[in-house]
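Enquirer: predicted model and sequence follow; I will ask about them next.
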Amino acid sequence: MIWGNLSLIIHPRKYYSNALLYNKTSRSTAFSKCVLPSNSYLRGRGSYSVSMGLRLEELKPALAMIGLQFSYAGVALLTRAALLKGMSTPVFVFYRQSLATLVMAPVAFLSSGRYSRFWMKRSAESSMGLRSFGLIFLASLIGVTMNQNVYFEGLYLASSSMASAMSNLTPAVTFVVAFALGFEKLKLRSLRSIAKIFGTMFCVSGAMCMALLRGPKLLNLRQHHPLQSINNLLFGSSTGGDEEWFLGSEFLFASSCCWSTWLILQVPVSKSYPDHVSLSAWMCFMATIQSGVYALFMERDPEAWILHSNVEFGCIFFAGIIGSALSFFVQSWVISKRGPLFAAMFNPLATVTTTILAFIVLHEQIYTGSLVGALAVIAGLYIVLWGKARDYPDMKGGEGPKPEADQDVQILIEESVRIDSRTDLEEPLLDHEPDDPSQCEISNT
């Protein structure tokens, strides 16, 4: 500390950022706009690189999305393994939503009560009216109950890699549904509208190719592979025919339509009930009741409600906690930081990861038609995202880091000299100007 104070006296310009600017006229410490070099020393002897901190902040959303895609792949593989062991799809959806409700309910209670200062700000309008209840019930029915039941049924009939590839249809289907409802406008002379149309055509063509043109096998598994019998014993055997494959493709496409409709419903739902944490808890609760009624109607046998293996237990806990509750927080945080387009760009990673792991663990076959169709769907996804990105040129979260690493960063010099780069960079600079503005200009020499 003594060395830092001596250095401040000897090299006033090098350590000028640590000094407090004193306004003699008001005899109080003033906040001033100063230009701080990225390699400046902030705490005497210790050094702190602002540019390095910015790089880490830029990497956090990407790392979070990569981890989220791996969790999605794990949910798909474990769920298919449990379904191949004989677990009922409606029962699985009910157990998953019940566990997600148990996780989300305490979080929603803490965030809306007196302990909200530890979590997030309380919503100004958290009361639920008749219109809000109807919208939440409809969103839960379409986006959770119907979506998950048809998705996991298609996952069982087709394959986990097919289900992951079909999920990339969501942006294109959302564009079509939004256009049909009048929320999306098309201008044939606009490049972004043309990109959306061609991207949608790519996605639909790829989905049809995956469903109708399976083609020859790319990698033929040997019939007497040493691990084949072990995997069949643990996870079950998947030997579906062409009819089941096509029916599974239809279920997966219906799931994409349900999810796209749910995304569009989020606009009126969020306006009617803006407390997002409580909204998620209510959706999980209503979906639990809906899926429970559907499961009771579909499964009359009490044996179907009993979990018989560790695979089924692990699948429900992983899908309920990681696949539903935790993924909500991660997805919401990433979207708040970088926007929805940034989050959607990582979806193909789950497809690639699921395909590789499904081939290794579940010994799922990879077909030529499915691979070509999946590539077409991914290409169409990025074309649609590019067209949607043109709609948000001024999106705050879409701005990437500046190209030069050693450029100046504007921050606030606070009274306590405790500089939190993340908080200060997010807050707007004050309009107060020092008496001598030239004193705050520090060149990056």
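Expert: Nice, thanks for sending it over.

Enquirer: so if we follow the domain assignment, how does this structure break up?
Expert: 2-37+408-440, 53-389 (automatic domain parsing).

Enquirer: quick one, strands of the stretch 251-400 of the chain?
Expert: Counting by DSSP state E, counting those that start in this stretch, the stretch 251-400 of the chain forms no strands at all.

Enquirer: so where is it shaky, pLDDT-wise?
Expert: 339, 341, 390-400 (pLDDT under 70).

Enquirer: got it, and the stretch 1-150 of the chain?
Expert: Across the stretch 1-150 of the chain, the ranges flagged by pLDDT under 70 are 1-54, 112-127.

Enquirer: you'd agree Ala343 is up against Lys337?
Expert: No. The criterion here is Cβ atoms under 8 Å, and Ala343 misses it with Lys337 at 9.5 Å. In this view, the C-beta of every residue, glycine as well, is placed from N, C-alpha and C.

Enquirer: look at the two and report which has more neighbours.
Expert: Ala343 (21 against 16; other Cβ atoms under 10 Å).

Enquirer: next, work out how far apart the more buried one and Phe328 are.
Expert: 12 Å (Cβ to Cβ, to the nearest Å).

Enquirer: and if you look at Arg338?
Expert: Arg338 sits 17 Å away from Phe328, going by Cβ to Cβ.

Enquirer: so which of the domains of the chain is the most packed in?
Expert: domain 53-389 (a mean of 18; mean count of other Cβ atoms under 10 Å).

Enquirer: what about the helices in the stretch 101-250 of the chain?
Expert: All helices of the stretch 101-250 of the chain, identified by DSSP state H, counting those that start in this stretch, fall at 130-140, 147-157, 160-166, 170-180, 191-212, 228-235, 242-272.

Enquirer: and these: which comes nearest Thr89?
Expert: Ranking the helices of the stretch 101-250 of the chain by proximity to Thr89 (Cβ to Cβ) places helix 147-157 first, at 4.9 Å.

Enquirer: alpha carbons only: can I get the closest one in CSV?
Expert: Extracted as CSV, the C-alpha positions of helix 147-157 are listed here (Å, rounded to 0.1, in the frame of the first residue of the first chain):
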residue,chain,number,x,y,z
ASN,A,147,-45.5,-29.8,-27.0
GLN,A,148,-43.8,-32.2,-24.7
ASN,A,149,-46.2,-35.1,-25.3
VAL,A,150,-45.8,-35.0,-29.0
TYR,A,151,-42.1,-34.3,-28.9
PHE,A,152,-41.2,-37.2,-26.7
GLU,A,153,-43.6,-39.5,-28.6
GLY,A,154,-41.7,-38.5,-31.8
LEU,A,155,-38.4,-39.0,-30.0
TYR,A,156,-39.4,-42.6,-29.1
LEU,A,157,-40.7,-43.4,-32.6
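
Enquirer: report the angle between that helix and helix 130-140.
Expert: 0 degrees (axes from the mean of the first three to the mean of the last three Cα atoms, to 10 degrees).

Enquirer: run through who's touching helix 147-157.
Expert: By Cβ atoms under 8 Å, 6 or more residues apart in numbering, the residues outside helix 147-157 that reach it are 76, 79-80, 83-84, 89-90, 92-93, 96-97, 162-163, 166, 240, 244-245, 247-252, 254-255, 258-259, 262, 287, 291, 294.

Enquirer: swap in stretch 59-76?
Expert: Under Cβ under 8 Å, 6+ apart, the answer for stretch 59-76 is 155, 160, 163-164, 318-319, 322-323, 326-327, 330-331, 333-334, 337-338, 342-343, 346-347, 349-350, 353-354, 357-358.

Enquirer: if we use 7 Å, what do you get?
Expert: Applying Cβ atoms under 7 Å, 6 or more residues apart in numbering, the set of residues contacting stretch 59-76 from outside is 155, 160, 163-164, 318-319, 322-323, 327, 330-331, 333-334, 337-338, 342-343, 346, 349-350, 353-354, 357.

Enquirer: over to stretch 85-100?
Expert: Residues from elsewhere that reach stretch 85-100, judged by Cβ under 7 Å, 6+ apart: 82-83, 144, 148-149, 152-153, 156, 236, 284, 287-288, 291-292, 294-295, 298-299, 304-305, 309, 311-312, 316-317, 319-321, 324-325.

Enquirer: ok, back up a step: can you lay out the helices of the stretch 101-250 of the chain as CSV showing distance to Leu381?
Expert: Below are those laid out as CSV (distance: least, Cβ to Cβ, whole Å):
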stretch, distance to Leu381
helix 130-140, 24
helix 147-157, 18
helix 160-166, 10
helix 170-180, 6
helix 191-212, 7
helix 228-235, 29
helix 242-272, 11
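
Enquirer: of those, which is nearest Ala376?
Expert: Checking the helices of the stretch 101-250 of the chain against Ala376 by Cβ to Cβ gives helix 191-212 as the closest, at 3.1 Å.

Enquirer: and that closest one, what's its mean pLDDT?
Expert: For helix 191-212, mean pLDDT rounds to 84.

Enquirer: which other helices and strands contact it?
Expert: Judged by 3 or more Cβ pairs under 7 Å, 6 or more residues apart in numbering; DSSP states H and E, helix 191-212 is in contact with helix 160-166, helix 170-180, helix 242-272, helix 368-389.

Enquirer: run through who's touching the shortest one.
Expert: Applying Cβ under 7 Å, 6+ apart, the contact partners of helix 160-166 are 76-77, 80, 151, 154-155, 207, 210, 248-249, 252-253, 256, 350-351, 354-355, 358, 362, 364, 370, 374, 377.
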